[in-house]
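>>> With the input below, show me the fold.
(one chain, ligands or ions: 2)
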Amino acid sequence: MKFSDDLLIALLRAKRIVVFTGAGMSAESGIPTFRDTQSGLWEQYDPYVMASPKGYLADKALVWGWYEWRRMQVLHAKPHAGHIAIADLSGHVERLTLITQNVDDLHERAGSKNVIHLHGSLHQPRCFDCGSPYTFFDEIPDEPSGDQRKEPPICVNCNGSIRPGVVWFGESIQDTDWNFAEQAAMECDLLFSIGTSSLVWPAAQLPERAVLHGARVIQINPGPTALDNKAHYNFRGKAGEVLPAMLEALSTFLNSF
Ligand code: BV8
Ligand code: ZN
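Ligands and ions are numbered 1, 2, ... in the order given. Predicted structure coming up:
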């Protein structure tokens, strides 16, 4: 894969970089994205319905079982070379802000710090009724639990039901997270948009905010997306391949002086 000198110079010159990731960032760690067809029990259910308050209230055991199945997958997954490349890059830049739509902790496990989880986290469940945080006590089973319905735990404070700590469709992103992410997108010199179809709002606005404020946008995605005609550089490839190759090209470029 070829990286132009002007891209490598822009990378070297950038003082503030935003890395914005979507579900495709976790694909090479074996975590299916929303658009991958669901498997097993979940195949017959629409993820956009299961990922909503209405879906949860309509069938708590189905939705809690889905999130527990996804959480087990994440606990058994490992960060890949792309996650590690992002963590490495942050060591060479004045300020790198990592904003993810993903609810897994793979960026953190690769060494990234202060990750902004716009859509929350699988690892921070809370009570649907009173909002109290809930702590998982389970041992990590050897095998991810199968695709099965599971009654959610009960809140010790109000007897309400525990829900996943994610932002569902129809729910608002935390103001503090959104304001910080929007600010970072408007102030950066360079924004990477990696593994997202750029269809989920308002997150999809971030790369456009960056372009409007004069930043260069680099997109990494094996497929076409709604950002294609706005990004300055489009790399049709996988995050786990393009990112390490880009860092490699950068260090070769630096050593050539
Ligand atoms: C809100 C947590 C205000 C849950 C998620 C304006 C216009 C249109 C619609 C709306 C709008 N405003 C609001 C909406 C509705 C809605 C929305 O955007 N709907 C979409 C479907 C059109 N938005 C909301 O509801 C948001 N809230 O706006 O609040 C409000 C308040 C009250 C009432 C109304 C409005 C909240 C959205 C947050 C939803 N929660 N996640 C969970 O995970 O279970 S979003 C969820 O979907 C994930 O976070 C994921 O990132 C995202 C998209 O799913 P995917 O398709 O899987 O992922 P992605 O799009 O990132 O695509 C995968 C990409 O990876 C592909 O492009 C693929 O090519 C690429 N890829 C594959 N392999 C690789 C790869 N790339 C690189 N390397 C690889 N190896
Ligand atoms: Zn409660």
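
>>> so what's residue 90 up against?
Residues in contact with residue 90 (CB atoms under 8 Å, 6 or more residues apart in numbering) are 96, 98, 112-113. Where you see a C-beta, it was placed from the backbone N, CA and C, and this is true even at glycine.

>>> Tell me the predicted confidence for residue 221.
Per-residue pLDDT puts residue 221 at 98.

>>> Report how many residues lie close to it.
24 (other CB atoms under 10 Å).

>>> Isn't it up against residue 196?
Yes. Contact criterion CB atoms under 8 Å: residue 221 and residue 196 qualify, at 7.3 Å.

>>> in what helix or strand does the closest residue to residue 27 other than its chain neighbours lie?
Excluding its sequence neighbours, the residue lying closest to residue 27 (CB to CB, 6 or more residues apart in numbering) is residue 33, at 5.8 Å. Under DSSP states H and E, no helix or strand contains residue 33.

>>> Just want to check the distance between residue 33 and ligand 1.
For residue 33, the distance to ligand 1 equals 3 Å [CB to the nearest ligand atom, to the nearest Å].

>>> now residue 165, what's its secondary structure?
Judged by DSSP: H, G, I helix; E, B strand; the rest coil, the three-state class of residue 165 is strand.

>>> Can you classify residue 252 as helix, strand or coil?
Looking at residue 252 with three-state DSSP, the answer is helix.

>>> Okay, it and ligand 2: tell me how far apart.
In this view, residue 252 and ligand 2 are 55 Å apart by CB to the ion, to the nearest Å.

>>> In contact with that residue: list those residues for me.
Residue 252 neighbours (CB under 8 Å, 6+ apart): none.

>>> Give me the pLDDT for it.
Residue 252 is assigned a predicted lDDT (pLDDT) of 94.

>>> swap in residue 36?
So, for residue 36, pLDDT stands at 82.

>>> that older thread, tell me how many other residues surround the residue nearest to residue 27.
Residues lying near residue 33 (other CB under 10 Å) number 16.

>>> one step back: joint contacts of residue 221 and residue 196?
Counting by CB under 8 Å, 6+ apart, the common neighbours of residue 221 and residue 196 are residue 24.

>>> what about the helices in the stretch 101-250 of the chain?
Under the criterion DSSP state H, counting those that start in this stretch, the stretch 101-250 of the chain contains helices at 106-109, 175-187, 205-212, 239-255.

>>> Need the ones you listed in TSV (columns: distance to ligand 1).
Converted to TSV, the helices of the stretch 101-250 of the chain look like this (distance: least, CB to the nearest ligand atom, whole Å):
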stretch	distance to ligand 1
helix 106-109	12
helix 175-187	9
helix 205-212	9
helix 239-255	4
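
>>> contacting residues around residue 113?
Counting by CB under 8 Å, 6+ apart, residue 113 touches residue 90.

>>> What sits closest to residue 163 if chain neighbours are left out?
residue 128 (4.2 Å).

>>> does the one you found really touch residue 159, like I thought?
No. Counting by CB under 8 Å, residue 128 does not reach residue 159; the two are 11.2 Å apart.
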